[in-house]
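**Student:** Sequence and predicted structure are below.
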Amino acid sequence: MLGRDIIVKNESIAEALRTLSKRDRNIILLSYFLEMSDGEIGKKLNLVRSNVQYYRTNTLKELKKLLEEENADE
């Protein structure tokens, strides 16, 4: 991601991230792993800040649902 290796040690989270679109995965990685603001992410990905916020919020909901479903199956 942007010339940096991001290692996700938790296999459940790593697998959930792999199911996302490239755009959504990049937004989550930049936001939570590289601690970039929505404005900074928007500049890197050529998106407006409000779209980054919208995609991030929806993607977090999707990740939560995926992880909850996985935990229910165990």
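**Tutor:** In hand now; what should we look at? Numbers count the residues shown, from 1 in each chain.
**Student:** ok, residue 8 - how many residues close by?
**Tutor:** By other C-beta atoms under 10 Å, the residues close to residue 8 number 14. C-beta coordinates here come from the backbone N, C-alpha and C atoms, glycine included.
**Student:** Return the residues in contact with it.
**Tutor:** By C-beta atoms under 8 Å, 6 or more residues apart in numbering, the residues touching residue 8 are 14, 17, 33.
**Student:** mind redoing it with 6 Å?
**Tutor:** Residue 8 makes contact with residue 14, according to C-beta atoms under 6 Å, 6 or more residues apart in numbering.
**Student:** What pLDDT does the model give it?
**Tutor:** On pLDDT, residue 8 comes in at 82.
**Student:** Apart from its chain neighbours, what residue comes closest to residue 56?
**Tutor:** In this structure, residue 56 finds its nearest non-sequential neighbour in residue 27, 5.2 Å apart by C-beta to C-beta, 6 or more residues apart in numbering.
**Student:** Sticking with the most centrally placed residue in the chain, tell me its helix or strand.
**Tutor:** Central residue of the chain (C-alpha atoms, centre = their mean): residue 28, 2.1 Å from the mean position. Taking DSSP states H and E as the criterion, residue 28 maps to helix 22-28.
**Student:** Need the nearest residue in space to the residue nearest to the centre of the chain, chain neighbours excluded.
**Tutor:** Counting by C-beta to C-beta, 6+ apart, the residue nearest residue 28 is residue 59, at 5.7 Å.
**Student:** Would you agree that neighbour is in contact with residue 24?
**Tutor:** Yes: here residue 59 reaches residue 24: they are 4.3 Å apart, a contact under C-beta atoms under 6 Å.
**Student:** No further questions, thank you.
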